[in-house]
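>>> My questions concern the predicted model and sequence given below.
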Amino acid sequence: MNFKEKFLRNLVKNWPAFFNKKKIKSEYLTIFRITFGILTALVLAQGQLIFSIFFLFLYQIVLLLDYVDGELARLQKRFSIRWLHIDRIFHYIVTSLLFVGLAYSSHNNYYISISLISVLAFLIVGLVDTKNTDARLGKIKQKKSKLKDLASFLIIESPFSLFFFLIIFNFVKTTIIIYSLFYFFGFLYKVIKSIK
């Protein structure tokens, strides 16, 4: 776990107890986070910088709920593999919607096309990762690596990622290129790894 993850988890460590006391179910947090992510993607697609920054900033706070819902489910003894799957699948879907929404806001067919191609590659990798994770769930701990620490700063569905900061500074085209390359090379890496 990198510094950012440790800091954010420490920041929300009392939230599960708060939500438990208010009798808010963990599923509600997941549904709220997913819904707000889709809403943010729709706002990004409009291409209004001020609204995009405002909603993206709120979404960074909403994303902190991802550190809370699992712990809250354990606290409430409501942990469910089905909700874990829903959460994981919607991470991929919301990430794709945010990225394509941003590309759509550029009104440039080239950027829209490369975003769609890279999102397709991203979804294929996500499907493979989900199946692999399901196979080892609860059996093998994931390996820690500096590459995974770096990736956590790139992941769109991670609070205060590179995606967030690039949009704040209005680097829309740069963001589309960086993330298209990130997802495309991630796809190639998975293909090469599976062949080996």
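Received the coordinates, thanks.
>>> Give the buried residues for whatever helix or strand residue 103 lives in.
Counting by DSSP states H and E, the element that carries residue 103 is helix 81-105. Within helix 81-105, the residues that count as buried by 16 or more other Cβ atoms under 10 Å are 83-84, 87, 90-105. Every C-beta, even on glycine, is put in place using the N, C-alpha and C of the backbone.
>>> Output the contacting helices and strands for it.
Here helix 81-105 touches helix 26-46, helix 69-75, helix 109-136, helix 172-195, going by 3 or more Cβ pairs under 8 Å, 6 or more residues apart in numbering; DSSP states H and E.
>>> From the chain's centre, how far out is that helix? Work that out for me.
Put simply, helix 81-105 sits 7 Å off its chain's centre (Cα atoms, centre = their mean, to the nearest Å).
>>> got it, and stretch 105-117?
When distances are taken as Cα atoms, centre = their mean, stretch 105-117 is centred 20 Å away from the chain's centroid.
>>> Identify the residues contacting it?
44-47, 52, 99-100, 102-104, 172-173, 176-177, 179-180, 184 (Cβ atoms under 8 Å, 6 or more residues apart in numbering).
>>> which among the residues you listed end up buried?
The buried subset of the contacts of stretch 105-117 - by 16+ other Cβ under 10 Å - is 44-45, 52, 99-100, 102-104, 172, 176, 179-180, 184.
>>> Near residue 21, how many other residues are there?
Per other Cβ atoms under 10 Å, the neighbour tally for residue 21 reads 8.
>>> neighbours around residue 11, how many?
Per other Cβ under 10 Å, the neighbour tally for residue 11 reads 12.
>>> ok, the residue positioned nearest the centre of the chain - contacts?
Central residue check for the chain by Cα atoms, centre = their mean: the C-alpha nearest the mean position is that of residue 157, 1.9 Å away. Counting by Cβ under 8 Å, 6+ apart, residue 157 touches 37, 63, 66, 91, 94, 95, 98.
>>> Toward the C-terminus, what is the element adjacent to the worst-scoring helix or strand of the chain on mean pLDDT?
When the helices and strands of the chain are scored by mean pLDDT, DSSP states H and E, helix 146-154 comes last with a mean of 71. Later in the chain than helix 146-154, the nearest helix or strand by DSSP H and E is helix 162-168.
>>> and that following helix, what does it pack onto?
Counting contacts by 3+ Cβ pairs under 8 Å, 6+ apart, helix 162-168 packs against helix 49-63, helix 146-154, helix 172-195.
>>> Turn the ones you listed into JSON lines, columns for distance to residue 15.
Putting the helices and strands packed on helix 162-168 into JSON lines (distance: least, Cβ to Cβ, whole Å) gives the following:
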{"stretch": "helix 49-63", "distance to residue 15": "11"}
{"stretch": "helix 146-154", "distance to residue 15": "20"}
{"stretch": "helix 172-195", "distance to residue 15": "29"}
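>>> and the ones you listed, which one's lowest on average pLDDT?
Mean pLDDT is lowest for helix 146-154 out of these, coming in at a mean of 71.
>>> so which of the helices and strands packed on helix 81-105 gets nearest residue 17?
The closest of these to residue 17 is helix 69-75. By Cβ to Cβ, the value is 7.4 Å.
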